[in-house]
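Novice: coords below, sequence missing:
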């Protein structure tokens, strides 16, 4: 099983981890403290909409995993994968530099009888122009538990994940 083709890798940062189907909100205060996200890894896509955040950017905030994970949220992945976020990621923003940072993303992915848990730390995101959409810089998540069939780490290329605060 090659790491780059293992479909379960798609759940790595789905949380976050993040391009949304809605249009991006301009900089400045937003009203609804929500986050849409998407990630594409190994040809599989994981998405969610309307996750709740504790504040609006550019203020520091956390994302409520209960509003991403089902049944309270709508995190869904293609390719027969299910995923769940194990933490409430914290984000900080540097508007002058056009960056956002996430402290950690801890996610579990399942496919059939195989379960894999991964954690990535200190993820950096680039703001897309004058919007509240952010696109990831490359990062690697390390396996923290799961089947011996799970890769020891999973890399997410720059631009393979995005998030939209609205």
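Specialist: Right, received. Where do you want to start? For clarity, every value in this text was computed on a predicted model and none was experimentally measured.

Novice: Show me what residue 39 is bridged to.
Specialist: Beta bridges link residue 39 to residue 46, residue 161, judged by DSSP bridges.

Novice: Am I right that residue 125 is in contact with residue 97?
Specialist: No. Here residue 125 lies out of contact with residue 97, judged by Cβ atoms under 8 Å, at a distance of 11.1 Å. Placement of C-beta: from N, CA and C, glycine included.

Novice: Between the two, which has more neighbouring residues?
Specialist: Ranked by neighbour count (other Cβ atoms under 10 Å), residue 125 and residue 97 place residue 125 first, with 24 against 10.

Novice: quick one: the strands in this protein?
Specialist: 34-41, 44-52, 61-62, 76-77, 81-85, 90-94, 99-111, 114-127, 133-136, 139-146, 153-156, 161-165 (DSSP state E).

Novice: Can you flag the weakest of the ones you listed by average pLDDT?
Specialist: Lowest mean pLDDT within the strands of the chain: strand 34-41, at a mean of 88.

Novice: which residues does residue 108 contact?
Specialist: 11, 83, 84, 86, 115, 116, 117, 118, 146 (Cβ atoms under 8 Å, 6 or more residues apart in numbering).

Novice: tally of neighbours for the closest residue to the third one other than its chain neighbours?
Specialist: Spatial nearest neighbour of residue 84, excluding adjacent residues (Cβ to Cβ, 6 or more residues apart in numbering): residue 69 at 4.7 Å. Other residues near residue 69 come to 21 when the count uses other Cβ under 10 Å.

Novice: Distance of residue 69 relative to residue 83?
Specialist: 8 Å (Cβ to Cβ, to the nearest Å).

Novice: what residues do the two have in common as contacts?
Specialist: What both residue 69 and residue 83 touch, as defined by Cβ under 8 Å, 6+ apart, is the set residue 75.

Novice: is it true that the residue nearest to residue 84 touches residue 85?
Specialist: Yes. Using Cβ under 8 Å, residue 69 is in contact with residue 85, at 5.7 Å.

Novice: Please enumerate the shared neighbours of these two.
Specialist: Common neighbours of residue 69 and residue 85 (Cβ under 8 Å, 6+ apart) are residue 75.
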